[in-house]
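Asks: Here is my input, please return the structure:
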Amino acid sequence: MLAMAKLSRAILTVLLSGRHAALGGRFARERAANLARIAAAYSRAELEAEKGIGPARATAVEVWLEGQGLSLRAEQTCSMSAIAGTEQIVGSAAR
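Replies: Residues are numbered from 1 along each chain as shown. Next comes the predicted model:
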């Protein structure tokens with residue numbers, strides 16, 4: 001719980017009840033114990049999309065995670081060439 005003291009109450013509230021909170025457990029105590037796991041499940045865009053979290057608070061979470069030896073999840077991007085390659089594989093498998 002000492003590590004949680006470095007994050008603001010607003011950030012804690014969002015992380016403990018946000019879209020990835022269930023990864024930490026069913027109960028608030030479990031979620032608090034797994035706060036780093038919850039925070040690391042977010043991408044930067046997802047974190048900033050949470051109500052009450054903007055760029056400054058997202059940066060605070062990133063810094064806190066770095067102190068835990070973790071980081072935010074990388075954005076998942078899909079290039080057009082990867083999509084085209086997938087379509088070719090699917091098309092040839094259907095034949």
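Asks: got the contact list for the residue nearest in space to the middle of the chain?
Replies: Centroid check for the chain by C-alpha atoms, centre = their mean gives Tyr42 as the closest residue, at 0.7 Å. Residues near Tyr42 by C-beta atoms under 8 Å, 6 or more residues apart in numbering: 18-20, 50, 61, 72-73. Yep, even glycine has a C-beta here, placed from its N, CA and C like the rest.
Asks: Relative to Thr59, how far out is Ala74?
Replies: 16 Å (C-beta to C-beta, to the nearest Å).
Asks: Which one of these two is surrounded by more residues?
Replies: A direct count of neighbours by other C-beta atoms under 10 Å for Ala74 and Thr59 places Thr59 higher, at 13 against 8.
Asks: Please, where are all the helices along this structure?
Replies: For the chain, applying DSSP state H gives helices covering 9-17, 28-33, 35-40, 44-49, 55-67, 80-94.
Asks: Go through those helices and pick out the most buried.
Replies: Comparing these by mean neighbour count (mean count of other C-beta atoms under 10 Å), helix 35-40 comes out on top with a mean of 20.
Asks: Just give the nearest non-adjacent residue to Ile11, would you?
Replies: Computed as C-beta to C-beta, 6 or more residues apart in numbering, the closest residue to Ile11 that is not its neighbour in sequence is Arg57, at 5.5 Å.
Asks: Relative to Glu48, how far out is the one you found?
Replies: 8 Å.
Asks: just Arg9 next, same as before
Replies: 18 Å.
Asks: Write a PyMOL command that selects only the buried members of the contacts of Tyr42.
Replies: With 16 or more other C-beta atoms under 10 Å as the burial test, the buried ones among the contacts of Tyr42 are selected in PyMOL as follows:
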select buried, resi 18+20+50+61+72+73
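Asks: Could you tell me what pLDDT the model assigned to Ile89?
Replies: According to the prediction, Ile89 has pLDDT 49.
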